[in-house]
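Asks: my questions are about this predicted structure, shown below with the sequence.
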Amino acid sequence: MKRRMINSLLGVVLVMVVVFCVPIALVEKQNIVNAADARVDAQAVRVLGLVESRLAAGEPITGEKFTSQLTEGGHVTITVPDQEPFSAGSAPEGPVISATEYGANGESVTVVQSRGPVDHEIANMLLLLGVVALLAVQAAVALAVWQAKRLARPLTDLAETAERLGSGDPRPRDRRYGVPELDRVAEVLDASAERIARMLTAERRLSADASHQLRTPLTALSMRLEEINALAGEPETVKEESTIALQQVERLTDVVQRLLTNQRDPRSPTAVVFRLDDVISQQLAEWSPAMRGNGRTLRVEGLRDVAVLGTPGMVAQVLATLIENSLMHGAGTVTVRVRPSGRSVVAEVQDEGPGVPTELGNRVFERSVSGRNSTGIGLAVARDLAEADGARLELLSLQPPVFALFLTRGEKEGGA
């Protein structure tokens, strides 16, 4: 590219030199020749005037007075009727410039000058034009090299930025170069880098959310299958446990679908009116064995037969996260309490453990923030799921820990 720019600009300058310098050279050459002719004519006129004054005064015509009217190297020939032609000065060699003037009485004067000084002046003029043209070409080459570097450096930089984007480094560089077209390309690349960074962050977040959120139902499912295996000799119990296990598998599928839906379009919830008791009873059946295995109790209290607006899978996943959180980090009895709050229904999860450290507070909902050596993702994902479904997850109390899921009250079927 540099070579093309230099060649292009150099070609333009050469054309300009030819277009301007050649006509200037021809015009100046003609001016020099015309000036030389005019000087010779002026000398002839002066000599003729002197001859006429001599003739009028009856004085003899001699060369001493006439040679003083000529420039150096000039030669004059005077012709008077009835007299021999008279010459003065040295006859020049080589090309000459001559001029002849005629008097009223038939006399004539012919002045001859050497063309050498004229040719020398023309050569000096051409040399000056050549020097100017050479300087112009050199200046053009220097300007072309500077301009080529000025444009090539940003292009190289933009190519490196594009290569970084292709290699997985989406950091925008925010560099501008003072060239509108290149700045526009840089802006587009920076915008693309930001979009790629957001996409990569979303993909990593989805992977982290999926891996964490799938752990809870898989753990419950694993415990349920272990109980099925232990009760293999009791068909009715096995059937009941298998049914619960299948429900957990369905919830697991719903969790995956929910995560993917939130990832594609977090503003497109599919809310329905459902009985909150059904979801809580499901959680009670799933987590009671694990609670008993740890010498603890899971109980439900508060409102019954209440309808809410939302997604059953989302509510189940949020409650499962809160119950698991109490199982892992809390102590004593875990209570799921349902109570009214204005136009909302609140499902609270409380345990008798030490609670949330004061320095954390509501930061427990931030990603990677945990007070018990956990991943710090569960509560953050639970809040995201709730907000995507039009609900709200809050920490109401630090000691004892009380987490509250605020749901919109729904109309029961049949208008009751």
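Replies: Arrived safely.

Asks: from here on, contacts and neighbour counts on C-alpha atoms
Replies: Fine.

Asks: run through the stretch 251-400 of the chain and note the low-pLDDT ranges.
Replies: For the stretch 251-400 of the chain, applying pLDDT under 70 flags the ranges 251-270, 368-376.

Asks: quick one: the helices in it?
Replies: 276-293, 312-329, 378-388 (DSSP state H, counting those that start in this stretch).

Asks: out of the ones you listed, which gets nearest to residue 158?
Replies: Nearest to residue 158 among the helices of the stretch 251-400 of the chain is helix 378-388; the distance by CA to CA comes to 37.7 Å.

Asks: distance from that closest one to the middle of the chain?
Replies: Put simply, helix 378-388 sits 34 Å off its chain's centre (CA atoms, centre = their mean, to the nearest Å).

Asks: same thing with stretch 44-52?
Replies: 84 Å.

Asks: could I have that stretch exported to CSV, CA atoms only?
Replies: Provided in CSV are the C-alpha atoms of stretch 44-52 (Å, rounded to 0.1, in the frame of the first residue of the first chain):
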residue,chain,number,x,y,z
ALA,A,44,19.8,49.9,-34.4
VAL,A,45,17.4,52.8,-33.8
ARG,A,46,19.9,54.7,-31.7
VAL,A,47,22.6,54.2,-34.3
LEU,A,48,20.3,55.3,-37.1
GLY,A,49,19.4,58.5,-35.2
LEU,A,50,23.1,59.2,-34.8
VAL,A,51,23.7,58.7,-38.5
GLU,A,52,20.9,60.9,-39.5
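
Asks: tell me the mean pLDDT for it?
Replies: The average pLDDT within stretch 44-52 is 83.

Asks: list the buried residues of it.
Replies: For stretch 44-52, a neighbour-count test (16 or more other CA atoms under 10 Å) marks 44, 45, 46, 47, 48, 50, 51, 52 as buried.

Asks: likewise for stretch 331-345?
Replies: So for stretch 331-345, counting by 16+ other CA under 10 Å, buried means 331, 332, 333, 334, 335, 336, 337, 338, 339, 344, 345.

Asks: let's see which of the buried residues of stretch 44-52 end up in helices.
Replies: In this view, the buried residues of stretch 44-52 that belong to helices under DSSP state H are 44, 45, 46, 47, 48, 50, 51, 52.

Asks: need the contact list for the fifth one.
Replies: When you say that, I think you mean residue 48. 101, 102, 103, 108, 109 (CA atoms under 8 Å, 6 or more residues apart in numbering).

Asks: widest-spaced pair of those?
Replies: Applying CA to CA across those, the maximum distance is between 103 and 109, 8.2 Å.

Asks: more neighbours: which of those two?
Replies: Per other CA atoms under 10 Å, whichever of residue 103 and residue 109 has more neighbours is residue 109, with 25 against 15.

Asks: what segments of the stretch 1-150 of the chain are helices?
Replies: Along the stretch 1-150 of the chain, counting by DSSP H, counting those that start in this stretch, helices occupy 2-57, 63-67, 116-166.

Asks: quick one, which of these gets closest to residue 184.
Replies: That would be helix 116-166 among the helices of the stretch 1-150 of the chain, by CA to CA, at 11.1 Å.

Asks: just the angle between that closest one and helix 2-57, please?
Replies: Comparing the axes of helix 116-166 and helix 2-57 via axes from the mean of the first three to the mean of the last three CA atoms, to 10 degrees yields an angle of 160 degrees.

Asks: how far does helix 116-166 sit from its chain's centre?
Replies: Once both centres are worked out by CA atoms, centre = their mean, helix 116-166 turns out to sit 31 Å from its chain's centre.

Asks: one more: stretch 394-411?
Replies: Worked out by CA atoms, centre = their mean, stretch 394-411 lies 45 Å from the chain centre.

Asks: just the buried positions in that stretch, please.
Replies: Neighbour counts over stretch 394-411 (16+ other CA under 10 Å) mark 395-396, 398, 401-410 as buried.

Asks: please apply the same query to stretch 100-107.
Replies: Going by 16+ other CA under 10 Å, stretch 100-107 has these buried residues: 100, 101, 107.

Asks: list the contacts of it.
Replies: 41, 44-45, 48, 52, 78-81, 108-111.

Asks: for that stretch, measure first residue to last.
Replies: Terminal residues of stretch 100-107 are spaced 11 Å apart (CA to CA, to the nearest Å).

Asks: that older thread, worst average pLDDT in the helices of the stretch 1-150 of the chain?
Replies: helix 63-67 (a mean of 64).

Asks: okay, now the domains of the protein?
Replies: 2-139, 205-415 (automatic domain parsing).

Asks: now distance to residue 151 too, for those, in CSV please.
Replies: Below are the domains of the chain laid out as CSV (distance: least, CA to CA, whole Å):
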stretch, distance to residue 151
domain 2-139, 9
domain 205-415, 40
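
Asks: so which of the ones you listed is nearest residue 171?
Replies: Taking CA to CA, domain 205-415 is the member of these nearest to residue 171, at 17.9 Å.

Asks: which residues are in contact with the closest residue to residue 358 other than its chain neighbours?
Replies: Spatially, and ignoring its direct neighbours in sequence, residue 358 is nearest to residue 398 (7.0 Å; CA to CA, 6 or more residues apart in numbering). Taking CA under 8 Å, 6+ apart, we find residue 398 in contact with 355, 356, 357, 358, 361.

Asks: in PyMOL, how would I select just the buried ones from those residues?
Replies: Those of the contacts of residue 398 that count as buried under 16+ other CA under 10 Å are selected in PyMOL with:
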select buried, resi 355+356
